[in-house]
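1. okay, predicted coordinates and the sequence, questions at the end:
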Amino acid sequence: MESSSDATQRIARISAHLNPPNFQMEGNSVLKRTDCRAKGGAPGFKVAILGAAGGIGQPLALLMKMNPLVSVLHLYDVVNAPGVTADISHMDTGAVVRGFLGQPQLANALTGMDLVIIPAGVPRKPGMTRDDLFNINAGIVRTLCEGIANCCPKAVVNLISNPVNSTVPIAAEVFKKAGTYDPKRLLGVTMLDVVRANTFVAEVLGLDPREVDVPVVGGHAGVTILPLLSQVKPPSSFTPEEIEYLTKRIQDGGTEVVQAKAGAGSATLSMAYAAAKFADACLRGLRGDAGIVECSFVASEVTELPFFASKVRLGRNGAEEIYQLGPLNEYERIGLEKAKKELESSIQKGTSFIRK
Ligand SMILES: NC(=O)C1=CN([C@@H]2O[C@H](COP(=O)(O)OP(=O)(O)OC[C@H]3O[C@@H](n4cnc5c(N)ncnc54)[C@H](O)[C@@H]3O)[C@@H](O)[C@H]2O)C=CC1
Ligand SMILES: O=C([O-])CC(=O)C(=O)O
């Protein structure tokens, strides 16, 4: 019979062995990887999330750990990466999870990655625009993209950090400066606008959102978010009141969440869902699946602007084909002009942040 003091000592011994508990962290290994029996290299893609301990990063890490196309998942943040990594690494799904904390570990977080997803940066509070985040997030995106250019220049990048209309041009300039720019591999994530549009349109039509597909083009802020309701699938007609209500609700979807959260941040859960859906589409494209088409903010010749969100076909090299907008009605043509005006200055602001 084990006495209670024996049991206490045994537990203390086990605890000492597990200390530090975050054995998956870089340079912090108790059980060395060489001590483990090798799995023989599971097929799949290597994915890094930068900003993995944040409101979006955590549920996104959970969803990517559940994705069977992911074999290795790197979780990088400047805070709390050990806790998130330890937690996610206990999930009994295929991907091997490793954590990386702070700038000195950025290079190891990025080396060898096929896809890098960036939700790093500050979110809005009520009363702020996405552009109000520029001063802080521009510098964060620049540093992270410099790391990508150095360590995994061929990776596909999914950029979530706001203001997307400016951070994508920033990333492009960083990559150009480093001589690694491949416009097909830089994708601004506007999927949440599509997810919202599908949801709100389905509500109005009395359909299941999974049956609805709404193209959303332009950019990712206010009037630059342009849902093309004339191109909804299944083909549907809307009254002028429905068009006004839906367009405004889709454009203000982010603000609706910011106000409801009342100072506690912006959309995180629906964004993690949208980012995971978009990342999965990118991975299926990288695998060579045919016919993967999603909306994204990319380098584009669809309008006179250097970047624009529209439907893109995702393939082995990223955004391999960018689709034209298709026929627009009068309401959408007016919306497009407004969107382009605002987009032009946001793009310019991002570009000159690096060129100055
Ligand atoms: N594209 C889109 O549709 C959407 C974009 N966003 C944007 O995503 C960004 C993140 O939002 P949340 O996750 O809610 O914010 P959050 O504040 O909860 O998390 C951000 C994370 O980034 C980390 N971080 C800060 N500087 C970093 C650096 N230099 N390197 C790595 N990590 C760093 C923070 O430590 C934190 O863990 C915001 O800019 C937000 O506006 C949010 C919703 C939708
Ligand atoms: O509104 C925000 O600040 C976050 C965001 O981009 C969105 O929810 O669409």
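-> Done, it's in. Ligands and ions are numbered 1, 2, ... in the order given.

2. where does the chain dip in pLDDT?
-> 1-23, 26-42 (pLDDT under 70).

3. closest approach to ligand 2 from it, which residue is it?
-> Of all residues in the chain, the one sitting closest to ligand 2 is Gly254 (2.2 Å; CB to the nearest ligand atom). C-beta here means a position set from N, CA and C on the backbone, and glycine is covered the same way.

4. wait, that residue touches Ser266, no?
-> Yes - taking CB atoms under 8 Å as the definition, Gly254 is a contact partner of Ser266 at 6.1 Å.

5. need the residues of the stretch 151-300 of the chain near ligand 1, please.
-> Ile160, Ser161, Asn162, Val164, Val189, Leu192, His220, Gly265, Ser266, Ala267, Thr268, Met271 (CB under 6 Å from any ligand atom).

6. just give me the closest of those to Ala309.
-> His220 (7.0 Å; CB to CB).

7. Lys233 against Leu205, yeah?
-> No - using CB under 8 Å, Lys233 and Leu205 do not qualify as a contacting pair, with a distance of 11.2 Å.

8. overlap in contacts of the two?
-> Residues within reach of Lys233 and of Leu205 at once, by CB atoms under 8 Å, 6 or more residues apart in numbering, are Val212.

9. which one of the two has more residues nearby?
-> Leu205 (17 against 11; other CB atoms under 10 Å).

10. surely the more buried one is in contact with Ser236?
-> Yes - between Leu205 and Ser236 there is a contact under CB under 8 Å: 5.7 Å.

11. now do Pro235: how many residues are near it, please.
-> 7.

12. measure it to ligand 1 for me?
-> 27 Å (CB to the nearest ligand atom, to the nearest Å).

13. just to revisit the earlier point, the residue of the chain closest to ligand 2 falls within a helix, correct?
-> Yes - the assignment for Gly254 by DSSP: H, G, I helix; E, B strand; the rest coil puts it in a helix.

14. going forward can the numbers begin at 32, since that is how I track them
-> Okay, using 32 as the starting number, the last item reads as Gly285.

15. so who does it touch?
-> Arg155, Arg161, Leu223, Ser297, Ala298.
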